[in-house]
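*Asks:* after the sequence you'll find the predicted model.
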Amino acid sequence: MILEKDKLLKVIENSIGYLENVNSLPIGVNKNKKELIDKIDTKLPELGEDFATALEKLSVGAKAGLIGNRNPRYFGYVLAGTTPTALAADWLTSIWNQNAQVFNSSPAASIFEEIVASWLFELLLLPTDSSIGFVTGGQMANFTAINIARNSVLERDGWNFDNNGMQGAPLITIYCADVCHGTILSAIRMNGFGERNIIKISTDSEGRMIVADLENKLSTHQGPKIICSQAGNVNTGSFDSFEEISRLADNHNAWHHVDGAFGLWARTSPQFLDLTKGIDKADSWTVDAHKWLSVPFDSGMIITKHKEALANIKKTRCAYSGIQDDFKRDGSQWVPENSRRARGFVLYATIRNFGKKGIQEIIENNCNSARQLAKMLDSYSDIRIINEIHLNQVLCRIEPKKIVTNLNKFHGRVAQRIQEDGNCWIGTSVWNGQTVLRMSLTNIYTSKKDIQIAVDSIRKAIDYILKQDND
Ligand SMILES: Cc1ncc(COP(=O)(O)O)c(C=O)c1O
């Protein structure tokens, strides 16, 4: 590589400039797709361009379409802004460009994954002899979990998946909440199952599985079973009753997987330990670092206490990867991918930077902010908070005094107005058949002042839309 040092330094300087200004830029994007494409040079170049031109075209072209999701008033999805430490470690990861595929392709990547693995088990209070795969995010973690669950429950039933595959295998039944995260359903589908194999369990008003319904439905099916529970519903933030679900899983020899993409981090605070009581009895867990650990995309983990099952997901090894050695971690053995980004470096630096105490404080601060936001919104007579604030998720329904023809659409218009206004970013969701405003407080930098600004933006947007309808 010819090192164009000055040019690289210029890019770093410009990107730091972006970071310095990002909080004062509008958080939302208010141009349509055509307007955004018009800003980009879309012609495939015949001849290569120099470094500066190519990067300039990238920066200028992307600028108008960037969402300000680092901003502490970005409450969409479940997204944390990254920290300088995580960002710098991510730069180093790109600069080192290690292939975390096997120990041979990067001893450092392998060793750092191993260190971080043991830290995560300790932080999340999971069995210390668990094993872990570092994947792109919650979707891939759920996919991997269902994959090893499928093979394991078949094995328990006397069917060897590796020899026989799925065709003719005993019928597996998978149980999940009727409001489980969409990635659970796609993980199930991508693992060779269809709608008929899935049994939806009724939930209470917060989205928690009704254990009695699970118990009944487990009894009505024979054969291998997988149960998917949830730590942190993406809308309400609620948690299933893990102790009871694990007991049922034991009784039915079922595999119990917990999707804790963001909720598993609640384990780091004594305040929330009750919510996850018994979760360590499950067989596998999903957790995302790009959610509450404030690292850049993409960083998720599949964790399981069944080491063998995870180690054997692929059973194949490329001849050029060197000899397998039990004492050296081959990162790709534990995940669907082969060549991989060395995600352990960013996790190592980030956890060092926060410490156990720091992570606990992030979780507690965000949850305090969620309570504060809910309380302030609830003080308006035309806004109703519709979920319990279990954690960091807030849902509200606007109930204007005057009659609004389509209240669901009205929520969409309010959210769009908030986004266009650019002071905070709030999206909609659907809960119990009604459109609601949905807020996820996951950013380490969100302050009391940000909450006040967000409340004012919501109020202003509601009044704006109401006035528009009056005029
Ligand atoms: C509970 C839950 N599971 C899974 C996911 C999917 O995670 P990812 O987008 O990282 O694939 C999410 C995302 O918000 C989530 O909240």
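*Replies:* Okay, I see it.
*Asks:* which bits of the stretch 251-400 of the chain sit near the ligand?
*Replies:* Asp259, Ala261, Phe262, Asp288, Gly300 (CB under 6 Å from any ligand atom). (C-beta placed from N, C-alpha, C; glycine too.)
*Asks:* nearest to Ala415 among those residues?
*Replies:* Phe262 (20.9 Å; CB to CB).
*Asks:* surely that closest one and Val78 touch.
*Replies:* Yes: Phe262 is within contact range of Val78, at 4.7 Å (criterion: CB atoms under 8 Å).
*Asks:* Thr316: what secondary structure?
*Replies:* coil (DSSP: H, G, I helix; E, B strand; the rest coil).
*Asks:* name all residues that make contact with it.
*Replies:* Applying CB atoms under 8 Å, 6 or more residues apart in numbering to Thr316 gives no contacts.
*Asks:* which residues touch Thr144?
*Replies:* Gly133, Val135, Ile302, Leu310, Ile313, Val335, Pro336.
*Asks:* in strands, which of the residues you listed fall?
*Replies:* Gly133, Val135, Ile302 (DSSP state E).
*Asks:* format those residues as JSON lines; extra columns: pLDDT and neighbour count.
*Replies:* Listed next are the ones in strands among the contacts of Thr144 as JSON lines, based on pLDDT from 0 to 100; neighbours: other CB atoms under 10 Å:
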{"residue": "Gly133", "pLDDT": "97", "neighbour count": "27"}
{"residue": "Val135", "pLDDT": "98", "neighbour count": "25"}
{"residue": "Ile302", "pLDDT": "98", "neighbour count": "28"}
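*Asks:* wait, which of the residues you listed is closest to the ligand?
*Replies:* Distance to the ligand across the ones in strands among the contacts of Thr144 (CB to the nearest ligand atom) is lowest for Val135, with 8.9 Å.
*Asks:* ok, that closest one touching Ala141?
*Replies:* Yes: between Val135 and Ala141 there is a contact at 5.3 Å, judged by CB under 8 Å.
*Asks:* can you list residues touching both of these two?
*Replies:* Joint contacts of Val135 and Ala141 (CB under 8 Å, 6+ apart) are Gly300, Met301, Ile302.
*Asks:* show me the contacts for the second one.
*Replies:* Listed by CB under 8 Å, 6+ apart, the contact set of Met301 reads Leu120, Ile132, Gly133, Phe134, Val135, Ala141, Thr286, Val287, Asp288, Ala289.
*Asks:* grab the nearest non-local neighbour of the closest residue to the ligand within the stretch 351-471 of the chain.
*Replies:* Residue nearest to the ligand within the stretch 351-471 of the chain: Ser440 (8.1 Å; CB to the nearest ligand atom). Setting aside the residues directly before and after it, Ser440 is nearest to Val78 in space (CB to CB, 6 or more residues apart in numbering), at 4.7 Å.
*Asks:* give the burial count for that neighbour, as a bare number.
*Replies:* Val78 is flanked by 21 other residues according to other CB atoms under 10 Å.
*Asks:* distance of it from Ser379?
*Replies:* Separation of Val78 from Ser379 (CB to CB, to the nearest Å): 26 Å.
*Asks:* and for Ala88?
*Replies:* 41 Å.
*Asks:* more neighbours: which of the two?
*Replies:* Ala88 (14 against 9).
*Asks:* just list what the helix or strand that one falls within packs against, helices and strands only.
*Replies:* Following DSSP states H and E, one finds Ala88 within helix 84-96. Contact here means 3 or more CB pairs under 8 Å, 6 or more residues apart in numbering; DSSP states H and E; on that basis helix 84-96 packs against helix 344-378.
*Asks:* and the next helix or strand past the helix it packs on?
*Replies:* strand 383-385.
*Asks:* partner strands of that next one, with direction?
*Replies:* Strand 383-385 has the following strand partners under DSSP bridges: strand 393-398 (antiparallel).
*Asks:* the partner strand: which residues count as buried?
*Replies:* Gln393, Val394, Leu395, Cys396, Arg397, Ile398 (16 or more other CB atoms under 10 Å).
*Asks:* for those, which two are the farthest from each other?
*Replies:* Between any two of the buried residues of strand 393-398, the greatest separation by CB to CB is 17.4 Å, found for Gln393 and Ile398.
*Asks:* okay, and the common contacts of Phe262 and Val78?
*Replies:* Val234, Asp288, Lys291, Trp292, Thr442.
*Asks:* not counting sequence-adjacent ones, nearest residue to Gly76?
*Replies:* Here the residue nearest Gly76, using CB to CB, 6+ apart, is Gly427, at 4.7 Å.
*Asks:* show me what that neighbour bridges to in the sheet.
*Replies:* Beta-bridge partners of Gly427, as defined by DSSP bridges: Arg438.
*Asks:* what's the helix or strand for the closest residue in space to Ser238 that isn't next to it in sequence?
*Replies:* Spatial nearest neighbour of Ser238, excluding adjacent residues (CB to CB, 6+ apart): Glu206 at 3.9 Å. Glu206 belongs to no helix or strand when assigned by DSSP H and E.
*Asks:* tell me, what's the model's pLDDT at Glu206?
*Replies:* As predicted, Glu206 sits at a pLDDT of 98.
*Asks:* setting aside sequence neighbours, what's the nearest residue to Phe272?
*Replies:* Going by CB to CB, 6+ apart, Phe272 has Ala266 as its nearest residue, at 3.9 Å.
*Asks:* repeat for Phe112
*Replies:* Looking at Phe112 with CB to CB, 6+ apart, the closest residue is Gly344, at 3.8 Å.
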